[in-house]
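K.L.:
I need the structure of the sequence given here:
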Amino acid sequence: KKIVDAWSKHIPTLNRLQIDSINNFNILSGDHLVVSAPTSSGKTTIGELASLKAIHNKKRALFLLPMKALVNDKHAHFTDLYGDYGLKIIQATGDSHDDVPDLIKGQFDICLMTYEKFTSLVLGYPHLLEQIGTIVIDEVQMIADRSRGANLEFILTVIISKRKYGIEPQLIALSAVIGDTNGLEKW
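P.N.:
Numbering: from 1, shown residues only. Model prediction:
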């Protein structure tokens, strides 16, 4: 209730995209979702909703972002919004001030990290995915990028391959690209 009250100060009402993600696409029930919508349409809020549901269910959430600057911005925003309500927000980008020890020990609620940092950590510490309820992948259209797309495809492959061991965090993939997703939602 406290977090819903905090949201009401910043978001007077959910928009159609967010309401549909709840009512038609079951994000609060753990269903996976690809959200393709314009910038500033409320995609991140959908990821936040799913993450807060995971936290409520005693799991943790990861937000994977393509750039350190985005991680830093989201970390500041999430800390400002959720920090007073007992949620521990951490980040990992490869910088010396990262919260990697807390991540490895599972001492966090939401961790924001770059794609590359996630790749290195999940390979070195495979237990990380066991404690995660939701993974939000922002800018998932980067999978088509020549220089970084292979890394994002590897990330998705690692996450999906854990399903055979009973580890299946909810995936929320966010993309500002409108139109054809080149089959990403089926992949």
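K.L.:
how about stretch 90-104: buried residues?
P.N.:
Residues of stretch 90-104 classed as buried by neighbour count (16 or more other C-beta atoms under 10 Å): 90, 91, 92, 93, 98, 99, 100, 103. Yep, even glycine has a C-beta here, placed from its N, CA and C like the rest.
K.L.:
Tell me where this structure has strands.
P.N.:
With DSSP state E as the criterion, the chain has strands at 33-36, 60-65, 89-92, 110-114, 132-137, 170-175.
K.L.:
Identify the neighbouring strands of the first one in the sheet and state each direction.
P.N.:
Strand 33-36 has the following strand partners under DSSP bridges: strand 170-175 (parallel).
K.L.:
what's the answer for the second one, then?
P.N.:
Its sheet considered, strand 60-65 pairs with strand 110-114 (parallel), strand 132-137 (parallel) by DSSP bridges.
K.L.:
Lowest-confidence entry in the buried residues of stretch 90-104?
P.N.:
Within the set of the buried residues of stretch 90-104, pLDDT is lowest for residue 98 (88).
K.L.:
Now do the spatially closest residue to it that is not a sequence neighbour against residue 99, distance only.
P.N.:
Excluding its sequence neighbours, the residue lying closest to residue 98 (C-beta to C-beta, 6 or more residues apart in numbering) is residue 92, at 4.6 Å. Distance of residue 92 to residue 99, given as C-beta to C-beta, to the nearest Å: 6 Å.
K.L.:
Show me the residue at the heart of the protein, geometrically.
P.N.:
For the chain, the residue sitting closest to the mean C-alpha position, by C-alpha atoms, centre = their mean, is residue 136 at 2.0 Å.
K.L.:
can I assume that residue is in contact with residue 60?
P.N.:
No - counting by C-beta atoms under 8 Å, residue 136 does not reach residue 60; the two are 11.9 Å apart.
K.L.:
So which residues lie in contact with the helix or strand bottoming out on mean pLDDT in the chain, not counting its own?
P.N.:
Every helix and strand in the chain was compared by mean pLDDT, DSSP states H and E; the lowest is helix 2-10, with a mean of 77. With contact meaning C-beta atoms under 8 Å, 6 or more residues apart in numbering, helix 2-10 is reached by 52, 81, 82, 84, 85, 87.
K.L.:
could I have it exported to PDB, CA atoms only?
P.N.:
C-alpha atoms of helix 2-10 as PDB (Å, rounded to 0.1, in the frame of the first residue of the first chain):
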ATOM      1  CA  LYS A   2       2.800   2.400   0.800                       C
ATOM      2  CA  ILE A   3       4.400   2.000  -2.600                       C
ATOM      3  CA  VAL A   4       1.000   2.400  -4.400                       C
ATOM      4  CA  ASP A   5       0.600   5.600  -2.400                       C
ATOM      5  CA  ALA A   6       4.100   6.700  -3.500                       C
ATOM      6  CA  TRP A   7       3.200   6.000  -7.100                       C
ATOM      7  CA  SER A   8       0.000   8.000  -6.900                       C
ATOM      8  CA  LYS A   9       2.100  11.100  -6.200                       C
ATOM      9  CA  HIS A  10       4.000  10.600  -9.500                       C
END
